[in-house]
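Q: build me a structure from this.
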Amino acid sequence: MKAYSGKDFNRVCYAAKQHRMLMKKTKDFFIPAIIRTFIILCYINILLMPTFVVLGKLTHKGLDQIKDVAQRDTKAEEIIKKAGGKTIALYYTFGHYDFVAIVETPSEEAMAKILLEIGRFGNVSTQTLLAFTSEQLYKVTSTLK
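A: Got it, this is the predicted structure:
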């Protein structure tokens, strides 16, 4: 059995609570418990994926090879998918950063691996932020004294 700590422990507790609730709600359907559990855990895994905002700048090498940007984006998307993640949005911008990406991954470690693998090509430098939904923040602030 895997030992959890910190954020992972909170995610597992939340997942277990959601699992119990959804099992009660779906008990009247003629679906075997093991299948209900599998469906619910897949659903919970999607809900629990951390979201990241990636602020990026093209390096000199990236600017020199700007015509290859579509191929680089495709390769980055393959790396993200291979790590179990998903690109929610990608925008190219004017200003301090050249692009902004919103990415969901299974864990912070998966995001680190993605960034390191993409960074190895030397075309971009990034600053990454862990994002929270407003509901997640409201839940945290509701516990403040």
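
Q: could you use CA atoms for every contact and neighbour count after this?
A: Noted.

Q: quick check: buried residues in stretch 88-106?
A: Applying a neighbour-count criterion of 16 or more other Cα atoms under 10 Å, the buried positions in stretch 88-106 are 97-106.

Q: please read the previous query as pertaining to stretch 67-78.
A: For stretch 67-78, by 16+ other Cα under 10 Å, it's 72, 76-77.

Q: helix or strand right after the helix or strand of the chain with the lowest mean pLDDT?
A: Every helix and strand in the chain was compared by mean pLDDT, DSSP states H and E; the lowest is helix 33-48, with a mean of 58. Past helix 33-48, heading to the C-terminal end, the next element that is a helix or strand (DSSP states H and E) is strand 51-58.

Q: partners of that next one in the sheet?
A: Partner strands and pairing direction for strand 51-58 (DSSP bridges) are strand 99-104 (antiparallel), strand 124-131 (antiparallel).

Q: now those strands as CSV including mean pLDDT?
A: Converted to CSV, the strands paired with strand 51-58 look like this (pLDDT from 0 to 100):
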stretch, mean pLDDT
strand 99-104, 95
strand 124-131, 95
